[in-house]
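A.B. asks: Next one to model:
(2 chains)
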Amino acid sequence: AQSVTQLGSHVSVSEGALVLLRCNYSSSVPPYLFWYVQYPNQGLQLLLKYTSAATLVKGINGFEAEFKKSETSFHLTKPSAHMSDAAEYFCAVSDERGDYKLSFGAGTTVTVRA
Amino acid sequence: NAGVTQTPKFQVLKTGQSMTLQCAQDMNHEYMSWYRQDPGMGLRLIHYSVGAGITDQGEVPNGYNVSRSTTEDFPLRLLSAAPSQTSVYFCASSDRGATGELFFGEGSRLTVL
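C.D. replies: Numbering: from 1, shown residues only, chains lettered A, B, ... in the order given. A predicted model of the protein is given here:
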């Protein structure tokens, strides 16, 4: 079964600083990879997804992620953090196209300092 | 647009009680699923359905039942609640072909005493 590991359960950044959230996957075949965001007391919403079309994927709210097969990584970045980015972020993987079952990482909580 | 609607938002049960968490979506999505979210463990798949009349088990199905009689509704039943089922439950739906693009409800927080 596919799995993802998120490094760091909490990340604290200053407003305007780089946000970097790390995700590594285990897969024997090219996976579909996703980042979801969860704002307080809300459900998750899709930030971006990788489906092998391009290794650099741009998402909503200025986030992007780069797929690196050699490192089995799919790290999420945003050049300049905003207070509204405070949330929990989840990396997820799907085995193959048409498989709707996602395996989620444990999540990383982002705190933004003024 | 309503999207995915879950009820109730909060519930407290005693050990051994049963209850049903309701989930409805108005997007005509074929795929629906239930996840539970626990601190430090991310989301884990309980049950899922790829269409009306078709359900299957996910990673943590024990103690839960589902059915899918219509495209819109996917209720989750707790047969005999246990403290280990204290969690936040999320229902999600997805359209055919949109792999991994899940639309989530706002969650149902369940406490079992």
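A.B. asks: Who are the contact partners of the closest residue to chain B within chain A?
C.D. replies: Residue of chain A nearest chain B, by Cβ to the nearest Cβ: A:G43 (3.2 Å). In this view, the C-beta of every residue, glycine as well, is placed from N, C-alpha and C. Contacts for A:G43 (Cβ atoms under 8 Å, 6 or more residues apart in numbering or on different chains) come out as B:V4, B:F90, B:A92, B:F104, B:G105, B:E106, B:G107.
A.B. asks: Apply 10 Å and report the result again.
C.D. replies: A:36, B:3-4, B:6, B:35, B:37, B:88, B:90-92, B:102-107 (Cβ atoms under 10 Å, 6 or more residues apart in numbering or on different chains).
A.B. asks: what's the answer for B:F103, then?
C.D. replies: Applying Cβ under 10 Å, 6+ apart, we find B:F103 in contact with A:43-46, B:3-4, B:25, B:27, B:29, B:32, B:91-95.
A.B. asks: So in terms of bridging, what pairs with it?
C.D. replies: B:S93 (DSSP bridges).
A.B. asks: Tell me the spacing between it and A:Y100.
C.D. replies: Distance check for B:F103 against A:Y100: by Cβ to Cβ, to the nearest Å, it reads 12 Å.
A.B. asks: Please apply the same query to A:S94.
C.D. replies: From A:S94 to A:Y100 the distance is 7 Å (Cβ to Cβ).
A.B. asks: Now B:G97, what are its backbone angles?
C.D. replies: phi 90, psi -20 (degrees, to the nearest 10).
A.B. asks: what's the burial count for it?
C.D. replies: Residues lying near B:G97 (other Cβ atoms under 10 Å in any protein chain shown) number 9.
A.B. asks: Quick check: it touching B:E30?
C.D. replies: Yes - assessed by Cβ atoms under 10 Å, B:G97 is found in contact with B:E30 at 9.4 Å.
A.B. asks: where do the strands sit along chain A?
C.D. replies: Using DSSP state E, the strands found in chain A span residues A:3-7, A:10-14, A:19-26, A:32-38, A:44-50, A:56-58, A:64-68, A:73-78, A:87-94, A:102-104, A:108-113.
A.B. asks: Of all the ones you listed, which one comes closest to B:L79?
C.D. replies: With Cβ to Cβ as the criterion, B:L79 lies closest to strand A:102-104 of the strands of chain A, at 25.1 Å.
A.B. asks: which residues does the closest residue to B:Q25 other than its chain neighbours contact?
C.D. replies: Spatial nearest neighbour of B:Q25, excluding adjacent residues (Cβ to Cβ, 6 or more residues apart in numbering or on different chains): B:S93 at 4.3 Å. The contact partners of B:S93, by Cβ under 10 Å, 6+ apart, come to A:100, B:3-4, B:23-33, B:49, B:71-72, B:74, B:101-105.
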